[in-house]
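J.: Predicted structure and sequence below. I'll ask about it afterward.
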Protein chains: 2
Amino acid sequence: MSPDVVRTAFAPATVGNVICGFDVFGLALEAPGDRVTARSSDRPGLRITDVTGDGGRIPTDPRKNSATVAARALLRASGWDADRTGIDISIAKGLPLSGGMGGSAASAVAGVVAVDALLGTEAPIELLLQCAIEGEARASGGPHLDNVAPALYGGLVLVRPSASRPVIRLPILEELHVALLHPDVEVSTREARRALGRNVPLGEAVGQWGRTAAFVHALHEGDWDLLRESLVDGVAEPRRAHLIPGFDVVRAAAMEAGALACGISGAGPSMLSLCRGPDRASVVASAMASAFRAQTGLPSSVHLSPVSPRGARVEASGGEDAA
Amino acid sequence: MSPDVVRTAFAPATVGNVICGFDVFGLALEAPGDRVTARSSDRPGLRITDVTGDGGRIPTDPRKNSATVAARALLRASGWDADRTGIDISIAKGLPLSGGMGGSAASAVAGVVAVDALLGTEAPIELLLQCAIEGEARASGGPHLDNVAPALYGGLVLVRPSASRPVIRLPILEELHVALLHPDVEVSTREARRALGRNVPLGEAVGQWGRTAAFVHALHEGDWDLLRESLVDGVAEPRRAHLIPGFDVVRAAAMEAGALACGISGAGPSMLSLCRGPDRASVVASAMASAFRAQTGLPSSVHLSPVSPRGARVEASGGEDAA
C-alpha cells in the first residue's frame, strides 16, 4: 500500500444523451459531484463507514453500492485480495439519486479513482472505466457509459460500448455552457427506459443518425447554427417527456430565453439547456426555474457550468486538487 | 437565351449510404457518369431527341424522364415558359439503371446543369439541387438526396432533407478510394426499400447513430482505425444482402484483400469497398470481381475512383470541362 492513508476523489455530474445522441453522447459538468474518501484500515475488508447527502437511501452493503462494487472490481483486476485489504470508504453524495445527473456513475467513478490513488495502483484509465462501469451497472440496473465515461474522462464524449475504443473525446467549444434544472421529483431510470419501447420507426432513426453526424461535424467546425439544428431528440423525448412535470413549459421558457436547445438530461427528470456563453446560460437557467415553479409549484435546483474538460480527480486533503 | 446553343453537362456516379449512414451519407466518384446535352431549338418545348446507353429502357417522354423533369423544374423556377422555350435534350447514359450507382440522380443533375448553362440561368446550387431532386424522385419513386447531392456538389456529404442546410460537405481524406463492383443483375430500389421494414430495434439504431457520429469524427481526425470500425451497416445490410447474389463471398474477398469495409452501394446490387490508397483499391476490386464470378458465374463491371471533390460540371464541346 502507498504511504498515503487517505485519498479523496471527486467525480462530476454528467449529462447523458446530450439531447440528440441517446446512449452515445455524454458530457461532464464542473460541479456538483460526488466525493469518495478511501482510508486504509488495519481491519481487513472493504467497508462503507459513512454516507452523507443521500437521505439514507444508498445501500451501505459494499456489495451493492456503486462506489464499492467499482472499487472491488479494481482490487480484483489489480491482484489485491478484497477480503484481506483493509479499506474504509466514506461517500459524500453531491448528486441526487435517479436524477438524470449521473449520480451513480459519479459515485462509481470517484470510488475507483480514490481506491486507485490509495493503493498506488496507477491503473490505466481504460481499466478504471471498466471497473466503474461494473459499479454503476450494479446500482442502476444496467451500464450507462454515457454517464460513466464523461465522469471519468471529462469533456464531451462519444461512447460505443462494444467498440475497441469505447470512449472518444469530441472537441469542446469553449463557449458551450449548460443550464441544468433538477426538479425535486423522481423518475426511475427503469421506468424511463421502459417508456422508450423496443423499436424506432425507420424515418425517426434516420433523422437521429443524421443529427448525431451533424452534431459531431458542428463541434469540429465550431458551427453554432448547425449545433442548434442538430440538438433535437426525435427518439427519447417524445416517449419520456410526459414523465417529467412541466417539461413543455420549461423548454418553451428556455428557448424563449435564447437556449440553443433544451431537452431531458439522461433519463430525467433533470432538464438541460445548452447555451452559447455563461451569461446566456444564466438567463436561461432563471427562466427554466421560474417556469418550472410557476407550472408545478415544486422546488428545483439549478446548476450552471461550462462543458468541463476535466473528469474525476484526486483531491488533496484540504479539498484542493492533488498535485 | 445565352449565345451558347449547345451545352453538355456531366454528372458522376454516386454511392448512397456509404455503408454506415443509411439515407444520410453519399459520395461522388470521378467516373463513370451520365452526360446530358441541351441544344436550343426553334421548335418550342422541351424534347428528348436521343438516348444512348440505356438499352432503350429510359422513358423518352419528357414528363417522365429524370433529366427533363429536373430541367422543366428549373425552367419553371427561373420564370421560363417550358412550353415555349425550345430545347432538345440528348442523354448519354454511362450508368446502369437500378444499379446502386445513382443513375437517375446523375441524369437529373446533368439535365438541370446543362439547361442552366444553356439558358445562362446561373441558378444558385440550392435551386439546382431542388430541381434535380424533383427529377430524380420522378424516376425512382422517391427522392434520394444521398445520390442527388453528391452528384451535384461532389465530395462526401451528409444530407438531411428537411434541414435548413440539407447538404453538408464533410472532410475528404485524399487517400480514401472506392472499389465498386456492379453485378449485371437488377435489384429494384422499391423492393430493396420494402426489405427494410418500417422499424429498427432500438439497440441497432443506437449502434448506427454511434457509428455515423464516429465516422464524421474519423474524417475530421484522419483516423483510419476509427474509420474502419465505423463503417458497419447494422440496418440495411442485414435486410438487403440476400437480394444481392454473391454478397457474402464478395465481401469476404474484399476484406481478405485489405479493404477497410465492404457493403452495399445505395440500394444495390452494386457493392463497394472503401480502401486506403489507389493500389489497395485496385487489389480489392480484382478480388471482388474474381469472387463474384466464381460464386455466381455472372458478369460484372468494376470501377475504381478516389472520393471525387468535384460534382457535376459543364463540359466544353470537345469533352473537356468548360472554363
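T.: Arrived safely.

J.: CA only for contacts and neighbour counts going forward, please
T.: Will do.

J.: any idea how far B:Arg310 is from A:Ala192?
T.: As judged by CA to CA, to the nearest Å, A:Ala192 and B:Arg310 stand 47 Å apart.

J.: And these two? Which one has more around it.
T.: Set A:Ala192 next to B:Arg310 and count neighbours by other CA atoms under 10 Å in any protein chain shown: A:Ala192 wins out with 20 against 17.

J.: got the contact list for that one?
T.: With contacts defined as CA atoms under 8 Å, 6 or more residues apart in numbering or on different chains, A:Ala192 is in contact with A:240, A:243, A:267-268.

J.: Name the secondary structure element that contains A:Pro245.
T.: Assigned by DSSP states H and E, A:Pro245 falls within no helix or strand.

J.: My error: substitute A:Ser273 in the last question.
T.: Taking DSSP H and E as the definition, one finds A:Ser273 inside strand A:271-276.

J.: That strand: partners in the sheet, and parallel or antiparallel?
T.: Strand partners for strand A:271-276, identified by DSSP bridges, are recorded as strand A:176-183 (antiparallel), strand A:261-264 (antiparallel).

J.: Look up the residues forming beta bridges with A:Gly263.
T.: Checking A:Gly263 by DSSP bridges, which sets the bridge assignment, gives partners A:Leu272.

J.: Count residues in the vicinity of it, would you?
T.: By other CA under 10 Å, 27 other residues sit near A:Gly263.

J.: starting at the chain centroid, how far to stretch A:242-261?
T.: Between the mean C-alpha point of stretch A:242-261 and the mean C-alpha point of its chain there is a distance of 21 Å (CA atoms, centre = their mean, to the nearest Å).

J.: what's the first-to-last distance across it?
T.: Counting by CA to CA, the length from the leading to the trailing residue of stretch A:242-261 is 18 Å.

J.: So for that stretch, mean pLDDT?
T.: Stretch A:242-261 carries an average pLDDT of 97.

J.: Other residues contacting that stretch?
T.: With CA under 8 Å, 6+ apart as the contact definition, stretch A:242-261 has outside contacts at A:187, A:192, A:227-228, A:231-232, A:241, A:262-263, A:268-269, A:271, A:273-276, A:280-281, A:283-285, A:287-289, A:291-292, A:295-296.

J.: Next: stretch A:96-107.
T.: In this structure, residues lying in contact with stretch A:96-107 by CA under 8 Å, 6+ apart are A:11-16, A:33-36, A:54, A:66-67, A:91, A:93, A:95, A:132-133, A:135-136, A:139-140, A:144, A:147-148, A:151, A:182, A:186-189, A:264-270.

J.: Could you do stretch A:118-131 as well?
T.: Residues outside stretch A:118-131 that contact it (CA under 8 Å, 6+ apart): A:1-2, A:4-7, A:38-40, A:70-71, A:73-74, A:78, A:109, A:112-113, A:116, A:148-149, A:152.

J.: name the helices or strands packed onto the longest strand along chain A?
T.: In chain A, taking DSSP state E as the definition, the longest strand is strand A:25-40. If you count contacts as 3 or more CA pairs under 8 Å, 6 or more residues apart in numbering or on different chains; DSSP states H and E, strand A:25-40 packs onto strand A:6-16, strand A:86-92, helix A:103-119, helix A:145-153, strand A:156-159, strand A:300-306.

J.: and the angle for the helix or strand hosting A:Val249 with strand A:271-276?
T.: Counting by DSSP H and E, the element that carries A:Val249 is helix A:247-256. Our comparison of helix A:247-256 with strand A:271-276, counting by axes from the mean of the first three to the mean of the last three CA atoms, to 10 degrees, yields an angle of 10 degrees.

J.: in helix A:247-256, what counts as buried?
T.: By neighbour count, with 16 or more other CA atoms under 10 Å in any protein chain shown as the criterion, the buried positions of helix A:247-256 are A:247-248, A:250-251, A:253-255.

J.: Would you map the helices across the stretch 201-323 of chain A?
T.: Counting by DSSP state H, counting those that start in this stretch, the stretch 201-323 of chain A has these helices, from start to end: A:202-221, A:224-230, A:237-240, A:247-256, A:278-296.

J.: Tell me which of those helices sits most buried.
T.: Ranked by mean neighbour count under mean count of other CA atoms under 10 Å in any protein chain shown, the helices of the stretch 201-323 of chain A are led by helix A:202-221, which reaches a mean of 23.

J.: Tell me which other helices or strands that helix touches.
T.: Partner elements for helix A:202-221 (3+ CA pairs under 8 Å, 6+ apart): strand A:167-170, helix A:224-230, strand B:156-159, strand B:199-201, helix B:202-221.

J.: any idea of the mean pLDDT in the fourth one?
T.: Averaged across strand B:199-201, pLDDT comes to 95.

J.: and that strand, anywhere near chain A?
T.: Yes: judged by CA under 8 Å from any CA of the partner chain, strand B:199-201 comes into contact with chain A at B:199-201.

J.: now these: which count as buried?
T.: Burial by neighbour count, 16+ other CA under 10 Å: within the residues of strand B:199-201 next to chain A this picks out B:199-200.

J.: got the CA positions of the helix holding A:Val249 in CSV?
T.: Taking C-alpha atoms only, helix A:247-256 is exported to CSV below (Å, rounded to 0.1, in the frame of the first residue of the first chain):
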residue,chain,number,x,y,z
PHE,A,247,-41.4,19.7,-19.4
ASP,A,248,-43.0,21.5,-22.2
VAL,A,249,-43.4,24.8,-20.3
VAL,A,250,-39.8,24.7,-19.1
ARG,A,251,-38.5,24.0,-22.6
ALA,A,252,-40.6,26.8,-24.1
ALA,A,253,-39.1,29.2,-21.5
ALA,A,254,-35.6,28.1,-22.2
MET,A,255,-35.9,28.6,-25.9
GLU,A,256,-37.6,31.9,-25.4
